[in-house]
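Student: structure for this input, please:
(one chain, ligands or ions: 1)
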Amino acid sequence: MSVTVPVELRRAFAELAQSARARLVVMTGAGISAESGIPTFRGKDGYWTIGSAEYHPQEMATHAMFAREPEAVWSWYLYRRGVCRAAEPNVGHDAVVEMERALGDRFCLITQNVDGLHLIAGNSQARTYEIHGNIDFVRCDVDCGRTPWRLDDDLGRGFVRGDSVGADVARLRCPGCGGWGRPHVLWFDEYYDEAHFRFDSSRRAAVAADVLLVVGTSGATNLPMQVGAIALQKGALIVDINPEPNPFSQMALAGGGSFLRGSGGDVLPELASLLRR
Ligand code: APR
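Tutor: Residues are numbered from 1 along each chain as shown. Next up is the predicted model:
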């Protein structure tokens, strides 16, 4: 489905390219990775819709469940990690990399996705805020001071839903204190912070944004909705790319911005091309 980029939006992106100061914040959700074959969360085949074999889907994304059933939660995350590592960045991810290359320090990426595809595509760690963490990383369950470390590459490969962790459990211990390592992702019964999830940095980016480009998120989470509300209140131009109306498309239209009803892969390459000087 091709989506027409309105003339006024084309003009705004051309001005962004020519400006010395104007800043672009891109904020992404599971929708940008859908075209890489990774299920979203709340779509008809989404993770929270079909969940895992034994538990109510969202229960698996809580520290309370990890405390009770650490191996079951690791099984679920190693399965999801295998899905992520079997996926490649798509043209939408590549377009977001092109935006960073065009704008440099006038660019910032806030992603809810833990799949790591933005970094694999080429966005920089410094300008990429992974506000829900990264499924390739582990951190100490009692925060003993050890910085998050990367999971061994083979962990999760070939995992199917419900596989048990088995002997690999030994490779999920904290190298610092010997206790449990836990997936470096934000769970429903936990809170955003700056150290792990760039909470303050994301809000500051929203305050400074001249353009907020939102792609593939349903508006179900707190910090992204704060980013959108701050940008709207500060008078930023908001653009939402999504096949379905959602709170961000409403914010975009409320602020005189654009709702581009389509997929990330359809629209992002054209917007990126407008930033080439
Ligand atoms: N291009 C753009 N958007 C798409 C595409 C696509 N090809 N396919 C689906 N979408 C949209 C859907 O219409 C939906 O609005 O992506 C959105 C996905 O919404 P969710 O499944 O709710 O995912 P997301 O918004 O990223 O969830 C946010 O919730 O449970 C937590 O940690 C989890 O990071 C996740 C957060």
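Student: longest single helix anywhere in this protein?
Tutor: helix 70-85 (DSSP state H).
Student: which helices and strands does the helix or strand following that helix pack with?
Tutor: Next helix or strand after helix 70-85 toward the C-terminus (DSSP states H and E): helix 91-103. Applying 3 or more Cβ pairs under 8 Å, 6 or more residues apart in numbering; DSSP states H and E, one finds that helix 91-103 contacts helix 7-18, strand 24-28, helix 31-34, strand 107-111, helix 117-121, helix 264-273. Using the backbone N, CA and C atoms, a C-beta is placed for each residue, glycine as well.
Student: please redo it, this time with the cut-off set to 7 Å
Tutor: strand 24-28, strand 107-111, helix 117-121, helix 264-273 (3 or more Cβ pairs under 7 Å, 6 or more residues apart in numbering; DSSP states H and E).
Student: right, is it up against the ligand?
Tutor: No: applying Cβ under 6 Å from any ligand atom, one finds helix 91-103 separated from the ligand by no less than 6.9 Å.
Student: now that helix and strand 24-28, what's the angle there?
Tutor: Angle of helix 91-103 versus strand 24-28, following axes from the mean of the first three to the mean of the last three Cα atoms, to 10 degrees, is 160 degrees.
Student: export helix 91-103 to PDB, keeping only CA atoms.
Tutor: Provided in PDB are the C-alpha atoms of helix 91-103 (Å, rounded to 0.1, in the frame of the first residue of the first chain):
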ATOM      1  CA  VAL A  91      14.200  -1.000   4.800                       C
ATOM      2  CA  GLY A  92      12.500   0.900   7.600                       C
ATOM      3  CA  HIS A  93      15.400   0.300   9.900                       C
ATOM      4  CA  ASP A  94      17.800   1.200   7.100                       C
ATOM      5  CA  ALA A  95      16.000   4.500   6.500                       C
ATOM      6  CA  VAL A  96      16.300   5.400  10.200                       C
ATOM      7  CA  VAL A  97      20.000   4.800  10.000                       C
ATOM      8  CA  GLU A  98      20.100   7.200   6.900                       C
ATOM      9  CA  MET A  99      18.300   9.800   9.000                       C
ATOM     10  CA  GLU A 100      21.000   9.600  11.700                       C
ATOM     11  CA  ARG A 101      23.700   9.900   9.100                       C
ATOM     12  CA  ALA A 102      22.100  12.900   7.600                       C
ATOM     13  CA  LEU A 103      21.500  14.800  10.900                       C
END
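Student: next structured bit after the helix-or-strand element of the chain with minimal mean pLDDT?
Tutor: Here the helix or strand of the chain ranked lowest by mean pLDDT, DSSP states H and E is helix 47-50, holding a mean of 69. Using DSSP H and E, the helix or strand that follows helix 47-50 in sequence is helix 63-68.
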